[in-house]
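>>> sharing a sequence plus its predicted fold:
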Amino acid sequence: MNEQADIIFTDEQAQLLEIAETFTADKSPMDAVRRQLEADDAIEAGLWRQIADLGWLGIAIPEEYGGSGLGLGEVVTIVEPMGRKLFSSPLISTTLAAQMILLGGSDEQKSQWLPQLAGGTVAALAVTEAHGDWDLSNLTCAAERKDGNLVLSGGKTFVTDAMLADLFLVSVSLDGEPALVIVEAANLGPGALRREIVIDESRRSHALNLNGLSVPMDNLLPAANLHRLHLAACLLYAAEMCGGMAGVINVTLDYLTTRRQFDHFIGAYQALKHPMVDALVGLEQARSQLYHAATVFDMAEGRGEVAVRMAKAQAADAFAFASDRAIQFHGAFGFTHECDAQLYRRRALWCEQQYGDGAHHRKHLAGLLLD
Amino acid sequence: MNISASELDEFRAEAAAWFSANKPADPGFLLPQSFMEVGTDAQFEFLRAWQNKVYAAGYLGLAWPAEFGGGGKDQVFQDIATAEMVRQNVPFMTNTIGLSWAGPLILNMGTEAQKQAYIKRILSAEDIWCQGFSEPDHGSDLGNAQLRATRDGDEFVLNGSKIWTSLGAYADYIILLARTDTQTNTKYEGLSYFLAPMKIEGVDPAPIKKLTGEHGFTQTFFNDARISESCLIGAEGAGWQVAMKTLTFERAVSGGQAGGVHSMPVSAWEVVQLARQAMRDGRPAIEDPLVRDQLVGFLMEERGMALNNSRAKIPGLIAERPASIALSRKLVGSEWRRRLNQFAVTLQGANASRYVGDGAVMDRGRWQRGYFNAFSGTIGGGTSQIQKNIVGERVLGLPKQD
Ligand SMILES: Cc1cc2nc3c(=O)[nH]c(=O)nc-3n(C[C@H](O)[C@H](O)[C@H](O)COP(=O)(O)OP(=O)(O)OC[C@H]3O[C@@H](n4cnc5c(N)ncnc54)[C@H](O)[C@@H]3O)c2cc1C
């Protein structure tokens, strides 16, 4: 146990974290978040451009493909501050798509797509289906070979930032095995995307109809490691949740130190103070699990998987608690759309329910740790 | 100080070899689970001899100054020795109050004479220390302590009583918070802090039976006990500040402790073992989904606490609230320990109803006894509720309740 308890935090990570904190504080104040709730897209094109120019989309892409050759542990330091400011962007999906192409793509696919993704081309992930199962290998979507092409069938759900995407990474079953296929936005017919109404109003999510879509065989990734994709997604979601938790704790503290009832600031009452300490303790543990997972992620099949699942489970439960109490501790103001507590609560629910909640990951951890 | 990795490896190997060769055999009687539970002479003598041996071998107080009996080395050496004690699950150091609270305090602000007189004998366990803070009517509200210390020339005369004095029956010295002035503006100003002898006329520790049925602490009565003014540490009237400093050592918020373990280590992995033996519906309990979920939860917390300690050393990852992990460590650790023991009790099914001494009790009843004893951590040293006030106010900046 003790030798596992390590966190390595590099100078690069420290710098990225600092820059990302400044950047998100500047670009994503609450009024900007709220303005964006009404917009067609989750993020303004100009802001996305700035993110690309900062090099953040290429962090985990090797230098030979136009990235900076670091890893997902460094991406964590960008995503965490974004979560804190309720930033919404295709950074996670674009990063994950790039990782899948890097790990399982052909040389041609890598040279074609990775430099583009590092440079600001948006990729969307189409890996979940209407049944809502967190098991990414539970696939009803299929691909069949026909005349040198792949013909797809079925539908995908929760495809975020689909309208901004130039490519989609789609999971299908091919010859009974999971496979990943690149679908270019240009190939989608009219009506292939249908907007979904989702609980986190800062997200833009679509259902993707694949029926009859034909893509060249060259778009098939030679290898598809959906398990790895799942864990990578959990790592980045854990980062987003840790950021969100820190954000919502501060929002609540602001209220507890300014609102007065019975001649006292309400934060003096232990019925509010003590649960806030519980929320803080939950955050501290989640952050420690997160940065440990970021440290060992590359050992994904053993230690890395345990660490990532623990990070996701801890963050999901702790963020749920902190954001739930945030609503309650604002009184009736917490019941309003105007109060920021609900924004975090919605974000927490989204992040918890994507890629597995706490109980789900504990179940898998039980298999890894107890058998 | 520049220490090479090979030097550390060598030291680690030496320590590992020494503890494995010298780890005491099972004494044949139940050992206490922490320094707060030392209740019989046999337990006490066994643990005192063990601490003395560890110190003589050079594995305790390694980072304390050599001139007072310490090892004069970098802290990293003590950390290695302590880690080895944990790894090899050796008995704990019984003079905790000396090693972890009084010792660091004396080194931090004691006089040269006090350091010369006490430090080495704390390490060797020749002098056992106890703590006289709590009183029958004033526990959490420590600042209200009323035991009187009345000046008489160059002496003070002590009257009143302290309670819940761990090791009170064995101690040679007591760190004592007493009221030297009753006419002050605030309750805090009239307090002074003494390093006082226990084995003198007028000091009478009376054992109290704990909820486990064992002994462990005393009510300590003071009737016209006379001590020299040289027992003062800090200025007369400045006792509250000294007490607060003591608590930072006690709660491990400040470093400088002599090292070693101070309670029987407990790990959720041991409860995993227990779950393999306990039964549910005709199968080992470890196959029960609800049991598995809880076990994983405890394992996660155990790892989270260890990882918190790693992260607390990385300034870039604790920038927003640097004191958060340190100030919540006692709260988190002691509550986890209590819940884990409680879970391990109920895990045993109907056998959870057995207790220490029963021939068929699982794991010699350690979980039942451990659950009761775990409240020492959630009450002693400031209750969990008080810890939450502290974290809420000092870390989160929430207002005090008046
Ligand atoms: C095993 C053990 C060993 C000990 N060893 C020592 C020792 O060696 N030396 C020594 O001096 N003391 C020792 N103590 C005493 C310990 O420090 C006190 O018990 C503790 O500070 C609480 O004081 P109390 O028992 O008087 O409880 P009280 O202060 O009366 O508290 C009763 C309950 O009220 C709660 N409470 C009190 N005030 C507040 C508040 N402001 N907000 C919310 N809740 C509150 C408490 O959390 C507790 O649940 C020991 C205690 C134990 C259990």
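Nice, I can see it.

>>> gap between the most far-flung residue of chain B relative to its centre and B:Gly349?
When distances are taken from the C-alpha mean of chain B, B:Gly282 lies farthest, 41.4 Å away, according to Cα atoms, centre = their mean. Plainly put, B:Gly282 is 12 Å away from B:Gly349 if you go by Cβ to Cβ, to the nearest Å. Using the backbone N, CA and C atoms, a C-beta is placed for each residue, glycine as well.

>>> the closest residue to A:Gly212 other than its chain neighbours - how many residues pack around it?
Sequence neighbours aside, A:Val151 is the residue nearest to A:Gly212 in space, at 7.0 Å (criterion: Cβ to Cβ, 6 or more residues apart in numbering or on different chains). By the criterion of other Cβ atoms under 10 Å in any protein chain shown, A:Val151 has 16 neighbours.

>>> where does A:Val151 fall, secondary structure wise?
According to DSSP states H and E, A:Val151 maps onto strand A:149-153.

>>> and that strand, what's buried?
Within strand A:149-153, the residues that qualify as buried are A:149-152, counting by 16 or more other Cβ atoms under 10 Å in any protein chain shown.

>>> chain B against the ligand: which residues are in contact?
B:36, B:130-134, B:139-140, B:164-166, B:217, B:376, B:379-383, B:385-386, B:389 (Cβ under 6 Å from any ligand atom).

>>> if we go to 8 Å?
Within chain B, the positions near the ligand by Cβ under 8 Å from any ligand atom are B:36-37, B:97, B:130-134, B:136, B:138-142, B:162-168, B:210, B:216-217, B:373, B:375-376, B:379-386, B:388-389, B:401.

>>> for those, which ChimeraX command selects only the ones that are buried?
Entered in ChimeraX, the line below selects the buried ones among those, by 16+ other Cβ under 10 Å:
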select /B:36,37,97,130,131,132,133,134,138,139,142,162,163,164,165,166,167,168,210,216,217,373,375,376,379,380,381,382,383,384,386,388,389
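
>>> among the residues of chain B next to the ligand, which are in helices?
B:373, B:375-376, B:379, B:384-386, B:388-389 (DSSP state H).

>>> restricting to the residues you listed, which residues neighbour chain A?
Applying Cβ under 8 Å from any Cβ of the partner chain, the subset of these adjacent to chain A comprises B:385, B:388-389.

>>> what strand or helix carries B:Leu62?
Applying DSSP H and E, one finds B:Leu62 in no helix or strand.

>>> which segments of chain B make up each domain?
Each domain of chain B is listed here as a residue range: B:5-94, B:129-251, B:268-395, per automatic domain parsing.

>>> quick one: secondary structure of A:Leu180?
strand (DSSP: H, G, I helix; E, B strand; the rest coil).

>>> that one against A:Ala224, yeah?
Yes. Assessed by Cβ atoms under 8 Å, A:Leu180 is found in contact with A:Ala224 at 4.0 Å.

>>> A:Arg228 contacts A:Leu103, doesn't it?
Yes. In this structure, A:Arg228 is within contact of A:Leu103 by Cβ under 8 Å, at 6.6 Å.

>>> quick one, which of those two is more surrounded?
A:Arg228 (20 against 16).

>>> where does chain A come near the ligand, residue by residue?
So far as Cβ under 8 Å from any ligand atom goes, chain A lies against the ligand at A:Gln270.

>>> which residue is nearest the middle of chain A?
A:Tyr237 (4.0 Å).

>>> I'd like the distance between that residue and A:Ala207.
Distance from A:Tyr237 to A:Ala207, by Cβ to Cβ: 21 Å.

>>> cool, A:Leu136 as well?
In terms of Cβ to Cβ, A:Leu136 sits 17 Å off from A:Ala207.

>>> show me the strands in chain A, by range?
Using DSSP state E, the strands of chain A run over A:123-126, A:142-146, A:149-153, A:155-160, A:167-174, A:177-184, A:193-196, A:205-209, A:214-216, A:260-261, A:264-265.

>>> point out the most buried one among those strands.
Among those, strand A:123-126 has the highest mean neighbour count (mean count of other Cβ atoms under 10 Å in any protein chain shown), at a mean of 28.

>>> and for the residue in chain A that the ligand sits nearest to, the neighbour number?
The ligand sits closest to A:Gln270 of chain A, with a gap of 5.9 Å, by Cβ to the nearest ligand atom. Using other Cβ under 10 Å, A:Gln270 has 16 neighbouring residues.

>>> residues contacting it?
B:385, B:388-389, B:392, B:401 (Cβ atoms under 8 Å, 6 or more residues apart in numbering or on different chains).

>>> helices of the stretch 151-300 of chain B, residue ranges please.
B:239-250, B:268-277, B:289-311 (DSSP state H, counting those that start in this stretch).
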